[in-house]
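Participant: Coordinates for the following, if possible.
(one chain, ligands or ions: 2)
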Amino acid sequence: MRVLVVGGAGYIGSHMVKMLLDSGHDVITLDNLSSGHRDAVLGGVFVEGDLADINCLDKVFTEHHPEAVMHFASFIQVGESVRKPDIYYRNNVTNTLNLLDTMLKFDVKKFIFSSTAAVFGEPDYVPIDEAHPNRPLNPYGRSKLMIEHVLADYAKAFDFRSVCLRYFNAAGADPEGQLGERHDPETHLIPLILQAASGRRENIQVFGRDYDTPDGTCIRDYIHIVDLCAAHLAALDYLESGGESDRFNLGNGSGFSVQEVLDAVQKVSGRSVKVIDGPRREGDPARLVADAKRARSILNWKPIFTDLETIVQHAWQWELKCSDRVAKE
Ligand SMILES: NC(=O)c1ccc[n+]([C@@H]2O[C@H](COP(=O)([O-])OP(=O)(O)OC[C@H]3O[C@@H](n4cnc5c(N)ncnc54)[C@H](O)[C@@H]3O)[C@@H](O)[C@H]2O)c1
Ligand SMILES: O=c1ccn([C@@H]2O[C@H](COP(=O)(O)OP(=O)(O)O[C@H]3O[C@H](CO)[C@@H](O)[C@H](O)[C@H]3O)[C@@H](O)[C@H]2O)c(=O)[nH]1
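Facilitator: Ligands and ions are numbered 1, 2, ... in the order given. Now for the predicted structure:
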């Protein structure tokens, strides 16, 4: 199939482009490189452009005739979204509407959307299934939930079929070592600890040890980037074979605490990391773990890299490459 990957130069999108190409699909990547990297797009057609630019979208659809769209482009930092809700709603909502308008105009009606566990807010229970109420705590989570509502309405009105994938914590890197996480600034736990292990960062701060969890630190569901991308391929198959619009929670199903991640990094890297105990970060729920049974049964998806050490091992391999590159510069 010809697949347009919007945000394909970013962390998750770049792994997706690689997997689509490896699976024999034709890929067009559209990215404004606001946080992505041109050299992370390993093949296919690359168009540098912004979702705010409707003429650019028109041109992409006219020239490349995509049959389905995967949409990864958005702003992604929870804390920043609280301080700058205007830019979050504009990029994550208004610009997504531009993309959907263009898809309708060109009669392209298969869409896979990067949603997030942040649509749930503080959970009533874990693991979190799709029936759990949606009470996002910040503009980032609300912007994603708004698009989920839009997509449900488009399904009824326009026969527009979509799959919303609520990722829990995307982690790890390409097992072949070609790609990995390169956010700037980096805010995610695993790459931050790895940077402390490689010496690119002095220490890592643990945000709270007084949570109601066995070791007092927060528990998250880290899902390997390859498993995450495999779920998108499964969603594409699902839509291609006539599947109705739906939404799925995507995680490993097992939670790991911040302390367990610290231990895994030190074991895998063989280096010790300087840890500073800090206060809780505002808005962090104690425990976020996915119930991904629906994705397993309906999309026929099965995660492979569910072991924390493997996730960390792949990310460590990438961190060594990055720290080497930085040292040479
Ligand atoms: N990383 C996670 O743990 C996680 C968890 C849940 C959901 N998500 C969602 O997954 C998606 C991808 O996340 P990521 O970690 O790869 O982020 P990322 O910042 O690495 O990638 C986003 C990409 O979109 C591009 N982009 C942003 N705005 C654009 C615009 N207006 N026009 C064109 N390109 C634009 C950026 O340049 C970047 O390449 C996001 O939608 C995010 O909300 C990520
Ligand atoms: O320097 C740090 C960074 C993080 N943490 C903790 O580590 C855990 C994971 O944090 P982080 O990697 O920032 O991820 P989350 O805050 O869980 O958010 C991620 O996962 C969400 C879904 O669960 C997505 O919506 C977000 O986009 C994505 O950033 C949390 O308990 C944090 O408090 C620390 O202790 N120290």
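
Participant: Please enumerate the helices of the stretch 1-150 of the chain.
Facilitator: 11-22, 54-64, 78-83, 85-89, 95-105, 139-158 (DSSP state H, counting those that start in this stretch).

Participant: ranking those helices by burial, who's on top?
Facilitator: helix 11-22 (a mean of 23; mean count of other C-beta atoms under 10 Å). Heads up, the C-betas are built off the backbone N, CA and C, glycines and all.

Participant: Now do that one: which elements does it pack against?
Facilitator: strand 2-6, strand 26-31, helix 225-240 (3 or more C-beta pairs under 8 Å, 6 or more residues apart in numbering; DSSP states H and E).

Participant: how big is the angle separating the last one from helix 11-22?
Facilitator: This points to helix 225-240. Helix 225-240 runs at 60 degrees relative to helix 11-22, counting by axes from the mean of the first three to the mean of the last three C-alpha atoms, to 10 degrees.

Participant: per-residue confidence at Pro285?
Facilitator: Looking at Pro285, its pLDDT stands at 90.

Participant: what sits against it?
Facilitator: Shown in contact with Pro285 (C-beta atoms under 8 Å, 6 or more residues apart in numbering): 121-123, 218.

Participant: ditto for Gly8
Facilitator: By C-beta under 8 Å, 6+ apart, the contact list for Gly8 reads 14, 16-17, 27, 29-31, 36, 41, 46, 70, 72.

Participant: how about the residues you listed in CSV, adding pLDDT and distance to ligand 2?
Facilitator: Shown next, in CSV, are the contacts of Gly8 (pLDDT from 0 to 100; distance: C-beta to the nearest ligand atom, whole Å):
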residue, pLDDT, distance to ligand 2
Ser14, 98, 17
Met16, 98, 16
Val17, 98, 20
Val27, 98, 24
Thr29, 98, 21
Leu30, 98, 21
Asp31, 98, 18
Gly36, 98, 16
Val41, 98, 21
Phe46, 98, 25
Met70, 98, 17
Phe72, 98, 12
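
Participant: And for Val261, the neighbour number?
Facilitator: 25 (other C-beta atoms under 10 Å).

Participant: can you tell me the helix or strand for it?
Facilitator: helix 258-269 (DSSP states H and E).

Participant: of the helices of the stretch 1-150 of the chain, which approaches Glu309 most closely?
Facilitator: helix 11-22 (19.6 Å; C-beta to C-beta).

Participant: Tell me the gap between that closest one and the middle of its chain.
Facilitator: 12 Å (C-alpha atoms, centre = their mean, to the nearest Å).

Participant: change the start of the numbering to 36 and stick with it
Facilitator: Yes, from this point I'll number from 36; that puts the last item at helix 46-57.

Participant: Now tell me what touches that helix from outside.
Facilitator: Residues contacting helix 46-57 (C-beta under 8 Å, 6+ apart): 38, 40-43, 62, 64, 66, 71-72, 75-79, 105, 107-108, 149, 202, 205, 209, 213-218, 260-261, 263-265, 267-268.

Participant: check contacts around Thr252.
Facilitator: So Thr252 contacts 241, 243-244, 246, 292-294 (C-beta under 8 Å, 6+ apart).

Participant: All set, thanks.
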